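Undergrad: predicted structure and sequence below. I'll ask about it afterward.
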Amino acid sequence: MPSLDARSVASLLREYAQRTALGGGNPYRAKAYSRAADSLAALAVPLDVLVAEDRLTEIPGVGDAIADIITKVHKTGSHPSLEKLRKEVPAGVLEMLAVPGLRPEKVLRLYKDLSIGSLSELEAAAKDDRIKKAKGLGAALQTKILQNLAIAKSGEGRLHLHRAAVLLAHAKDSIRKSRPELKRVTIAGDFRRGCELVGDLAILAETAKPDKSSMPSADGLQIRVSDRKHFGAALLFATGSAGHIEQLQALAAEKGLRLVADGLHKDRTLIAGEEAEIYRALGLPFIDPELREGRGEIEAALKGKLPKLVSDQDLRGILHCHTDASDGTETLETMAKTTRQRGFEYFGVADHSKSAHYAGGLSVEEIAQQHREADRLNKRFGKDFRILKGIESDILADGSLDYEDDVLERFDFVVASVHGRFKLDRKAQTQRLLRAISNPHTTIIGHMTGRQLQRRPGYEIDIEKVLRTCAKHDVVVEINAHPWRLDLDWRWHQAALDFGCMLSINPDAHSIAELDHMHWGVLMARKGGVPADRVLNAMTLAEITRYLRQKRRSLARAA
């Protein structure tokens, strides 16, 4: 039989991952197979070339063991272990693994006890109240299934931003190596627009002689080519969004022009082929890709009201990080030194508070110990770098913070966050947050909605009321940069700005590697139209020290 292409092998490898998870094997192995399947689906070089040249381990997430599996599946169309696993459950059962919070053992129980064999059957059973009546399943699981079915459907085929970044970087590198005649290899699509979930893996490259028949073959990755004359227009269309392009075309039509994929034309004459030229010819400044969602950016550009978006270089410090004092992996000294080495002026530690038993939350004695360590290190660092003493204080069910006032006033800043009781109704959850925001010790409200992308929806709150209250009490709104959170959602950033809120781009880092989350937070802030002067940690050390000191003085006066 002919060998399988990358997309077919990726599909079988993903099935192998799912069946391995259902079989109760090592969960990390199943996740590794799944990540490798994503990488295969985004190959920029034909799979048979990589197999023939023994280069499979160049693919992100593919080691020797998975390379052997891929080779066998590629050549034979299957794998003995996969065929064995296929005898245990029908293919439809695998669909249910896409529902967040539905663990493999529960999927098996649903299949064996209730004969549920597909996602559609699962939805029907949940709506008919069949699941809550089953022993070992129950009402709570049924409710979770109904809530999370929408997440399973909406997130299908989309990757988290950081995962897409790895695959696209590998694709660019592969194209440059395998097709050196292609120039200006550029990422486009959802990723260029900074979308939190990426379904459009797209790359554009410049070629001397565009020829669709010579376009690099790829499965799951769109690779487009254009000549130099039309490259900018091709990049504009490959980036999108559809709404943005449609509005540009409407504006062009008003001016007697025609905007198509090869450029901006007047009658039969090409008058602009580069992105910036096209915007300029339409009477617009260049619109940053992150803003191109058809949500009023063209009207703002026409009025000269586009913001100067925050950039990575604007950030002067890092706030909301964890150490091994709670659930982080590194010491305070290591995290602070690494932050300093990266050119930042301050490191804001914010370990978990005492209610977070699951995360090793700090007792009052441990807080004192950490503060002594911070003082010792700050003396060593001198005037150019400082550890800011913070805490991520749990917001309890009634909206109070989980330390007494005399403890909270010892910190330079307090991040107040919800970590439990997500199922409170909208009114109660909103009131809970409002009380925490009105606490004079609260500096930042952390991951405001509690969402985890493709895992769980945010809890129900009146976001507008919460943002207005943050502005009223001078409480900063966090843009949590962890790629699973990216919370507050960028669609609410403009409202926060309009109400007068400051925002803070925080990595919620639990390790050195997670300090790099800052970049994803910056992308979200850019997508939300946030300028640097509205970002707390774009302040210099002197500025943020003054800001926090003034807030403490206001607290003292109120007391």
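TA: Received the coordinates, thanks. Keep in mind the model is a prediction, meaning the values are calculated, not measured. Numbering: from 1, shown residues only.

Undergrad: contact partners for residue 34?
TA: Counting by C-beta atoms under 8 Å, 6 or more residues apart in numbering, residue 34 makes contact with 13, 14, 17, 18. Where C-beta positions appear, they are placed from N, C-alpha and C, glycine not excepted.

Undergrad: now go through those and say which are in helices.
TA: 13, 14, 17, 18 (DSSP state H).

Undergrad: now these in CSV, with distance to residue 137 and pLDDT?
TA: Formatted as CSV, the ones in helices among the contacts of residue 34 follow (distance: C-beta to C-beta, whole Å; pLDDT from 0 to 100):
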residue, distance to residue 137, pLDDT
13, 30, 94
14, 26, 92
17, 24, 93
18, 20, 92
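
Undergrad: any idea how far the residue nearest in space to the middle of the chain is from residue 323?
TA: In the chain, the residue lying closest to the centroid (C-alpha atoms, centre = their mean) is residue 483, at 3.0 Å. Residue 483 sits at a distance of 21 Å from residue 323 (criterion: C-beta to C-beta, to the nearest Å).

Undergrad: returning to what we had before: any chance of the ones in helices among the contacts of residue 34 in TSV, plus distance to residue 192 and neighbour count?
TA: Below are the ones in helices among the contacts of residue 34 laid out as TSV (distance: C-beta to C-beta, whole Å; neighbours: other C-beta atoms under 10 Å):
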residue	distance to residue 192	neighbour count
13	28	26
14	26	18
17	29	21
18	31	25
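
Undergrad: ok, so of the residues you listed, who is nearest residue 381?
TA: Nearest to residue 381 among those is residue 17, at 45.9 Å by C-beta to C-beta.

Undergrad: what's the weakest-modelled helix or strand in the protein?
TA: Lowest mean confidence among the helices and strands of the chain (mean pLDDT, DSSP states H and E): helix 138-154, at a mean of 84.

Undergrad: report the buried residues of it.
TA: Of the residues in helix 138-154, those with enough neighbours to count as buried (16 or more other C-beta atoms under 10 Å) are 141, 142, 144, 145, 147, 148, 149, 151, 152.

Undergrad: also stretch 174-183?
TA: So stretch 174-183, judged by 16+ other C-beta under 10 Å, has buried residues 174, 175, 179, 182.

Undergrad: just the ones in helices from these, please.
TA: If you go by DSSP H, these have 174, 175 in helices.

Undergrad: would you convert the buried residues of stretch 174-183 into JSON lines that also reports pLDDT?
TA: Below are the buried residues of stretch 174-183 laid out as JSON lines (pLDDT from 0 to 100):
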{"residue": "174", "pLDDT": "91"}
{"residue": "175", "pLDDT": "92"}
{"residue": "179", "pLDDT": "89"}
{"residue": "182", "pLDDT": "92"}
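
Undergrad: which of the buried residues of stretch 174-183 sits closest to residue 377?
TA: Relative to residue 377, the closest of the buried residues of stretch 174-183 is residue 174; by C-beta to C-beta it sits at 43.7 Å.

Undergrad: what about the nearest residue to that closest one once chain neighbours are set aside, which SS state?
TA: Leaving aside its chain neighbours, residue 174 sits nearest to residue 44 (4.1 Å; criterion: C-beta to C-beta, 6 or more residues apart in numbering). Three-state assignment for residue 44 (DSSP: H, G, I helix; E, B strand; the rest coil): coil.

Undergrad: quick one: mean pLDDT for the longest strand along the chain?
TA: When the chain is scanned for its longest strand (criterion: DSSP state E), the result is strand 386-394. Taken as a whole, strand 386-394 has an average pLDDT of 98.

Undergrad: from the middle of its chain, how far away would the helix or strand following that strand be?
TA: Sequence-wise, the next helix or strand downstream of strand 386-394 (DSSP states H and E) is helix 405-408. Put simply, helix 405-408 sits 34 Å off its chain's centre (C-alpha atoms, centre = their mean, to the nearest Å).

Undergrad: rewinding a little: which other residues reach the least confident helix or strand of the chain?
TA: Against helix 138-154 from outside (C-beta under 8 Å, 6+ apart): 98-102, 106, 119, 122-123, 126-127, 129, 131-132, 454-457.

Undergrad: then stretch 176-190?
TA: 44-45, 49, 164, 168, 172, 175, 197-208, 216, 222, 224-225, 231, 235, 238-240.

Undergrad: just the ones in strands from these, please.
TA: 197, 198, 202, 203, 204, 205, 206, 222, 224, 225.

Undergrad: could I have the PyMOL command that selects the buried members from those residues?
TA: Those of the ones in strands among the contacts of stretch 176-190 that count as buried under 16+ other C-beta under 10 Å are selected in PyMOL with:
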select buried, resi 197+198+202+203+204+205+206+224+225
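
Undergrad: what is the nearest of the ones in strands among the contacts of stretch 176-190 to residue 374?
TA: Looking across the ones in strands among the contacts of stretch 176-190 and measuring by C-beta to C-beta, the closest to residue 374 is residue 197, at 37.4 Å.

Undergrad: would you quantify the distance from the closest one to residue 94?
TA: 21 Å.

Undergrad: do the same with residue 506
TA: Per C-beta to C-beta, residue 506 is found 37 Å from residue 94.

Undergrad: verify the stated contact: residue 168 with residue 192.
TA: No - under the criterion of C-beta atoms under 8 Å, residue 168 is not in contact with residue 192, lying 9.5 Å apart.

Undergrad: where's residue 337, which helix or strand?
TA: For residue 337, the element it lies in under DSSP H and E is helix 332-341.

Undergrad: quick one: the helix or strand immediately after that helix in the chain to strand 386-394, angle?
TA: Following helix 332-341 in sequence order, the next helix or strand is strand 346-352 (DSSP H and E). Angle of strand 346-352 versus strand 386-394, following axes from the mean of the first three to the mean of the last three C-alpha atoms, to 10 degrees, is 30 degrees.

Undergrad: what are the C-alpha coordinates of strand 346-352, in CSV please?
TA: Taking C-alpha atoms only, strand 346-352 is exported to CSV below (Å, rounded to 0.1, in the frame of the first residue of the first chain):
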residue,chain,number,x,y,z
TYR,A,346,11.8,44.8,39.6
PHE,A,347,10.4,41.4,40.5
GLY,A,348,7.0,41.2,42.3
VAL,A,349,6.8,38.0,44.2
ALA,A,350,3.2,36.9,44.9
ASP,A,351,3.0,33.5,46.4
HIS,A,352,-0.2,31.8,47.3
